[in-house]
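**Q** With the input below, show me the fold.
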Amino acid sequence: MMKRVTIILLFFSFSLYAQNWAPLGKGFDMGRFPRTMVIDSANNRLIFGGDFKWINSDSTLANGICTWDGVKWDSLGYSIQECPSCNTVDPVSKLYWYKNTLYADGHFSCPGLPFHHGKFNPVTKSWENIILCADINGTWQGWSNTLNSDSLVISGIADTVCGLSKSIGFFYDGASFYPAPLLTSISNYSGNVLRYFFKYKNTWYITGALEDPVDSASFGFARYNGNHWEAVPGFTNCPGFTSIKKYNNELYMTGPFYKKDGAPGNAIVKFDGTTWDDLGGGMYTITNNPDNQVSWFSDFTMHKGELYATGFFYYKDSLPEFGVVKFDGHTWCNAGDAFDNEVFSIDFWNDTLYIAGAFNHAGSQVIRGAAKYTGTGFLQCDATTVNEMQASARILKIYPNPATSYITIEADSELPEKSAVQIQNYLGQIVLTAPYEKKINISSLSEGCYFILVKTTGKGIYHSKFIKR
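**A** Predicted structure coming up:
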């Protein structure tokens, strides 16, 4: 009896053809873009912050913060900064919610009252300065504790606020600052920089570039053991987390860390306080590049049990690209379009995926700074037989590549004959089926990128890609 092999083509591609994204109005002027995006659930709208003065779609004066209600753009109350004679404004770098109040980080250029941290008053519809009682230029990087509901934490290099003793971090309860005693011992080292300080499952954690005077140990991720700070088991290098979020009481973390350097994952991991999960191989699985040290994630969110992320993906044998990916619990998948610049924020609003960033194009489509996903599915996760992929997948050799008329398929072992071949385009659509042969006629295919996965009985799964010229 002849065995059968199913071949499906898929990979993470640089695509100039797919149009899976819709612009939000006319978006933003080129060179001025949103850097942060949050959902305003109470008013059912999105709020964007960035370095834009005007919104391109209807010439609305925004001065760095604006709203999108699904139909039109608008400003948000009285401006967080004013500079009538300026063509540009300083960037709003981060927006976030705390106790149902909207906060902003940045360097806001209000004449006579420059400040870095503000909160929105929905009654007066104006922004209020959070007084640090210190040098307005300060050493504070921003608010780090958005994981806990009892307080925010302002963090950075050792400094003081409002007469309190110098520290690298202070609690803020929405009205006043107060000390964080656990930070005292590590605040005395001038080189220490605190990024995150939070409590998880009754244990305090910190991240940053840190050294503890108790044992002079250096670490990037530490926990307080009741006596002093100690490195969290699992990391033998300094991870330098860029983002930490909590979903279903588990921590998800991104940063410039890789297994080859001693980390428990590649640029993204999950942590339950004891056990690490590398989320299907993380960045290595996405880029298929064991030497990759330059890819990163910008932001991520969770929706219906699946993780969606934005990032910069440097592939081993194709152009690097900015894009959007999804992890369905087993496999990393691609949204099907490459962006011409970074995507900073990602989230779901009314069950639709939205993004914001510095991009002006998604594939060949003009989309300036903000978009929503209108595609029908993510490549690989949503393909018909993709869920059958296993960790034992192996790479096929395809040549010539690029090809014009024929491709030859080679594996690390002999594949069974009389097998079925399926070829998918970048949208996951099957565009060719044929009996399996080592040499496949692709002359009928249009120019573009195609994806391959080979499933065999007892021989594991094989996959690769090719380009048709």
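
**Q** all strands for the stretch 151-300 of the chain, in order.
**A** For the stretch 151-300 of the chain, applying DSSP state E, counting those that start in this stretch gives strands covering 152-159, 167-172, 177-179, 193-200, 203-212, 217-224, 229-231, 243-247, 250-254, 268-271, 276-277, 296-303.

**Q** Quick one: those strands as JSON lines, columns for distance to Ser79 too.
**A** No exception for glycine: its C-beta is placed from N, CA and C like everyone else's. Below are those laid out as JSON lines (distance: least, CB to CB, whole Å):
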{"stretch": "strand 152-159", "distance to Ser79": "23"}
{"stretch": "strand 167-172", "distance to Ser79": "24"}
{"stretch": "strand 177-179", "distance to Ser79": "26"}
{"stretch": "strand 193-200", "distance to Ser79": "30"}
{"stretch": "strand 203-212", "distance to Ser79": "33"}
{"stretch": "strand 217-224", "distance to Ser79": "38"}
{"stretch": "strand 229-231", "distance to Ser79": "42"}
{"stretch": "strand 243-247", "distance to Ser79": "28"}
{"stretch": "strand 250-254", "distance to Ser79": "32"}
{"stretch": "strand 268-271", "distance to Ser79": "36"}
{"stretch": "strand 276-277", "distance to Ser79": "44"}
{"stretch": "strand 296-303", "distance to Ser79": "25"}
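
**Q** Ok, which of those strands comes nearest Thr146?
**A** For Thr146, the closest of the strands of the stretch 151-300 of the chain is strand 152-159, at 7.1 Å, according to CB to CB.

**Q** Who are the packing partners of the closest one?
**A** Helices and strands touching strand 152-159, by 3 or more CB pairs under 8 Å, 6 or more residues apart in numbering; DSSP states H and E, are strand 140-143, strand 167-172, strand 193-200.

**Q** Contacts only, for Pro91.
**A** Residues in contact with Pro91, defined by CB atoms under 8 Å, 6 or more residues apart in numbering, are Arg35, Gly49, Gly50, Asp51, Gly64, Gly106, His107.

**Q** Skip the chain neighbours and tell me the closest residue to it.
**A** Asp51 (3.8 Å; CB to CB, 6 or more residues apart in numbering).

**Q** So the one you found sits against Gly64, correct?
**A** Yes: the criterion here is CB atoms under 8 Å, and Asp51 meets it with Gly64 at 6.6 Å.

**Q** Now for these two: what residues contact both?
**A** Val89, Asp90, Pro91, Val92.

**Q** Who wins on neighbours among these?
**A** The residue in these with the most neighbours, by other CB atoms under 10 Å, is Val92 (28 neighbours).

**Q** my read: that one touches Lys53, true?
**A** No: assessed by CB under 8 Å, Val92 is found out of contact with Lys53, at 11.6 Å.

**Q** My read is that Gly448 contacts Arg469, right?
**A** No: contact between Gly448 and Arg469 fails when scored by CB under 8 Å: they sit 9.3 Å apart.

**Q** re earlier: show the backbone phi and psi for the residue nearest to Pro91.
**A** The phi/psi pair for Asp51 (degrees, to the nearest 10) reads phi -110, psi 20.

**Q** Show me where the stretch 301-450 of the chain dips below the pLDDT cut-off.
**A** 317-318, 380, 382-395, 416-419, 425-429 (pLDDT under 70).

**Q** what's the overlap in contacts for Val92 and Lys53?
**A** What both Val92 and Lys53 touch, as defined by CB under 8 Å, 6+ apart, is the set Gly64.

**Q** quick revisit: of the shared contacts of Asp51 and Gly64, closest to Gly240?
**A** Pro91 (22.2 Å).

**Q** From Phe28, how far out is the nearest residue to Asp40 once chain neighbours are set aside?
**A** The shortest distance from Asp40 to any residue other than its chain neighbours is 5.3 Å, reached at Ile47 (CB to CB, 6+ apart). In this structure, Ile47 and Phe28 are 14 Å apart, going by CB to CB, to the nearest Å.

**Q** Those two: which is more packed in?
**A** Neighbour tally, Ile47 and Phe28, criterion other CB under 10 Å: the higher count belongs to Phe28, 27 against 22.

**Q** Pull the contacting residues for the residue lying closest to that one once chain neighbours are set aside.
**A** Nearest residue to Phe28, sequence neighbours excluded (CB to CB, 6+ apart): Gly369, at 3.7 Å. Counting by CB under 8 Å, 6+ apart, Gly369 touches Gly27, Phe28, Phe33, Pro34, Gly50, Phe52, Ala356, Gly357, Ala358, Phe359, Asn360.

**Q** among those residues, who's most crowded?
**A** Pro34 (33 neighbours).

**Q** Surely it and Ile55 touch.
**A** No: the criterion here is CB under 8 Å, and Pro34 misses it with Ile55 at 9.9 Å.

**Q** so how far is the first residue of stretch 160-175 from its last?
**A** 17 Å (CA to CA, to the nearest Å).

**Q** Buried ones in that stretch, by neighbour count?
**A** Residues Thr160, Val161, Ser167, Ile168, Gly169, Phe170, Phe171, Tyr172 are the ones in stretch 160-175 that count as buried (16 or more other CB atoms under 10 Å).

**Q** Name the residues that touch it?
**A** In contact with stretch 160-175 (CB under 8 Å, 6+ apart) are residues 98-99, 101, 130-134, 143-145, 150-159, 176-180, 183-184, 186-187, 192-194, 197, 208.

**Q** Using PyMOL, define a selection of the buried residues within those.
**A** Provided next is the PyMOL selection string for whichever of these are buried by 16+ other CB under 10 Å:
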select buried, resi 98+130+132+143+144+145+151+152+153+154+155+156+157+158+159+177+180+183+186+187+192+193+194+197+208
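
**Q** circling back to that earlier point, Gly448 and Arg469: which is more packed in?
**A** Taking other CB under 10 Å, Gly448 and Arg469 do not tie; Gly448 has more neighbours (16 against 10).

**Q** Look up phi and psi at that one.
**A** Dihedral angles (degrees, to the nearest 10) for Gly448: phi 150, psi -170.

**Q** who's it bridged to?
**A** Residues in a beta bridge with Gly448, per DSSP bridges, are Lys468.

**Q** roughly how far apart are it and Ile467?
**A** Counting by CB to CB - Gly448 and Ile467 are separated by 7 Å.
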